[in-house]
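Enquirer: my questions concern the predicted model and sequence given below.
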Amino acid sequence: MTLEIEVYPPVNGNQYVMLGGRLDTLSHTQLDEALAPMLAARPQALVLDLAHLDYISSAGVRSILKARKALAPHEGRLLVVHPQEQIRKVIEIVQAVPMDEIFESTADADAYLDALQRRILEGEEEP
């Protein structure tokens, strides 16, 4: 099985990407190459929908960490939505994404991003 990547148009400064199949040693460069132009555009958030991702290896985790690192200088966020249980467990064990940035649905992630933007506009500090 290969890695499937579906990129959606940005919404309100947030980039959404759906992954399916296997993110592993053979496919992680495909993800890195697909994310590079998006990360260069400096999105407020990169939202990875993992509903159809069946497997992730350490190389796949490195790709996610690499994306988080690229977002950090401009205070961008990487959020994960719809992870299957085995994927959630790997992410949790290696601490690739903070647990408060993993969401059961895209609607939950959008609500988080909306609240974050409101706090910034109102001059409050981030959590």
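Expert: Great, that's in hand.

Enquirer: do you know how far the residue nearest the centre of the chain is from Y16?
Expert: Residue closest to the mean C-alpha point of the chain, counted by CA atoms, centre = their mean, is L48 at 3.6 Å. According to CB to CB, to the nearest Å, L48 stands 8 Å off from Y16. Glycine gets a C-beta too; all of them are placed from N, C-alpha and C.

Enquirer: re the thing from before, show me what the residue nearest to the centre of the chain is bridged to.
Expert: Here L48 sits in beta bridges with V17, V80, going by DSSP bridges.

Enquirer: can I assume K66 is in contact with D32?
Expert: Yes - counting by CB atoms under 8 Å, K66 does reach D32; the two are 6.7 Å apart.

Enquirer: mutual contacts of those two, please.
Expert: Listed as contacting both K66 and D32 by CB atoms under 8 Å, 6 or more residues apart in numbering is no residue at all.

Enquirer: quick one: low-confidence ranges for the chain?
Expert: 1, 95-103, 105-106, 109-110, 113-114, 116-117, 120-121, 124-127 (pLDDT under 70).
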